[in-house]
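Asker: Structure for the following, please:
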Amino acid sequence: MRRKITVVFVAAFVIAIVLGASRLRAQGALTLEELAERINLLFTGQDELTQRLAALEAAAAARNWLAGIPIQAENRCTPYESDDYRYPQSLEAQIVAETGGSFYSPYTGETFSWADEVDIEHIVARSEAHDSGLCAADIFTRLAFASDPLNLTFASPRLNRDQKVAKDVAEWLPDLNQCWFVNRVVAVKRRYGLSMDPREAEAALAVLNGCPSFAMQIIAPAEESPTPVAEDDQEADRQAEGDPLELYDDDNNGRITCAEARRHGIAPVRSDHPAYPYMRDSDGDGVVCE
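Answerer: Take a look at the predicted model:
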């Protein structure tokens, strides 16, 4: 009886594994070799079975990150012309809406004050896209790619023109928002049928496999502390504000005393100070309230 139960259990287990593997095969997640590998796992020990199943699932998941993206070498099948990838500056408004209402660069966490301080940046660079498949596309597809908000963000001119330029994810990654960035690269390449070369695909998977989220992280700009003003500058500001009697004559008697001068922080008062004519210089040395 016990043997019969064991046989039934094993048979059920085999059927479950085979059916599960067949589903993965139908979805394109398993090759024929991996299907055979999964069936062979039935004859291994439980610990090894668990480990090898986990590795197999990880390999299948990794491939799914890049589903629909050809893995092949870049190829410039026609000359690259930037005029084929024109885009309007009016796209800034759409990018601002995505970046929290400001000229924010997700690559560095910087927020810029004006549009002329930033570049509209193509997440998948135009020339890199050209070499990854758009070299064979018509002009309308190229223009659509260049103006697609899915592929646009902000970056400083220095970063855009001198650092990132036309590099792919194997050659450059931002300091911040790497998961968001690589996920966008994959989405753009999938939308336009673009390829990845093997190094690029490997670098993309290395990032994607460790991502808890693909949301853009927006860092709020730090509030600037007010700049300290020197006492001399403060006094100059006060002098420019109006009549010295209105500023320093607290009892409104038409004169300014040393007590009032000290209370307002202007003592000692020299002859070139606006308050001096309204004060008593008993020794006539041009300075009161020494």
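
Asker: Residue 178 is in contact with residue 217, correct?
Answerer: No - taking contacts as CB atoms under 8 Å, residue 217 lies outside contact range of residue 178: 10.0 Å. Bear in mind the C-beta positions are built from the backbone N, C-alpha and C, glycine included.

Asker: Neighbour count: these two, which is higher?
Answerer: A direct count of neighbours by other CB atoms under 10 Å for residue 217 and residue 178 places residue 178 higher, at 17 against 11.

Asker: Ignoring the adjacent residues along the chain, who's closest to the more buried one?
Answerer: Ranked by CB to CB, 6 or more residues apart in numbering and with sequence neighbours excluded, the top spatial neighbour of residue 178 is residue 207, at 5.4 Å.

Asker: Check residue 100 too.
Answerer: residue 218 (4.7 Å).

Asker: so what's that neighbour up against?
Answerer: Counting by CB atoms under 8 Å, 6 or more residues apart in numbering, residue 218 touches 99, 100, 104, 106.

Asker: Residue 288 and residue 251, how far apart?
Answerer: Distance, residue 288 to residue 251, by CB to CB, to the nearest Å: 17 Å.

Asker: Pick out whichever of the two has more residues nearby.
Answerer: Taking other CB under 10 Å, residue 288 and residue 251 do not tie; residue 288 has more neighbours (22 against 10).

Asker: Wait, residue 121 touches residue 154, no?
Answerer: Yes - at 6.1 Å, residue 121 and residue 154 qualify as touching, with contact defined as CB under 8 Å.

Asker: what residues are shared contacts of these two?
Answerer: In contact with both residue 121 and residue 154: residue 105, using CB under 8 Å, 6+ apart.

Asker: So the two - more neighbours on which side?
Answerer: Using other CB under 10 Å, the more surrounded residue of residue 121 and residue 154 is residue 154, with 27 against 21.

Asker: pLDDT value on the more buried one, please?
Answerer: Note for residue 154: predicted pLDDT of 95.

Asker: Please identify the helix or strand for it.
Answerer: For residue 154, the element it lies in under DSSP states H and E is strand 152-155.

Asker: Only the C-alpha atoms, please, for that strand, written as PDB.
Answerer: This file holds the C-alpha atoms of strand 152-155, laid out as PDB (Å, rounded to 0.1, in the frame of the first residue of the first chain):
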ATOM      1  CA  LEU A 152      13.200  62.300 -23.300                       C
ATOM      2  CA  THR A 153      14.400  63.800 -20.100                       C
ATOM      3  CA  PHE A 154      16.600  66.700 -19.000                       C
ATOM      4  CA  ALA A 155      20.400  66.800 -18.400                       C
END
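
Asker: got the contact list for that strand?
Answerer: Residues from elsewhere that reach strand 152-155 (CB under 8 Å, 6+ apart): 87, 91, 94-95, 98-99, 103-108, 112, 118-123, 164.

Asker: Return the subset of the residues you listed lying in helices.
Answerer: 94, 95, 98 (DSSP state H).

Asker: What residue spans form the domains of the protein?
Answerer: 1-66, 82-210, 244-288 (the TED database).

Asker: Minimum distance to residue 72: which of those has it?
Answerer: Taking CB to CB, domain 82-210 is the member of the domains of the chain nearest to residue 72, at 5.0 Å.

Asker: chain center to that closest one: distance?
Answerer: The chain centroid and the centroid of domain 82-210 are separated by 11 Å, computed with CA atoms, centre = their mean, to the nearest Å.

Asker: same deal with stretch 250-262?
Answerer: Distance, stretch centre to chain centre, for stretch 250-262: 59 Å (CA atoms, centre = their mean).

Asker: now do stretch 75-85
Answerer: That offset, for stretch 75-85, works out to 28 Å (CA atoms, centre = their mean).

Asker: mind listing what's buried in it?
Answerer: Neighbour counts over stretch 75-85 (16 or more other CB atoms under 10 Å) mark 80, 84, 85 as buried.

Asker: for stretch 262-273, same thing?
Answerer: The neighbour-count check on stretch 262-273 (16+ other CB under 10 Å) flags 264, 266, 267, 269, 273 as buried.

Asker: Among these, name the ones in helices.
Answerer: Among those, no member falls in helices (DSSP H).

Asker: Identify the residues contacting residue 184.
Answerer: 123, 150, 151.

Asker: can you tell me how far it sits from residue 139?
Answerer: The value you get for residue 184 to residue 139, if CB to CB is used, is 24 Å.

Asker: any chance of the buried residues of stretch 75-85 in CSV, plus pLDDT?
Answerer: Supplementary listing: the buried residues of stretch 75-85 in CSV, determined by pLDDT from 0 to 100:
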residue, pLDDT
80, 97
84, 97
85, 97
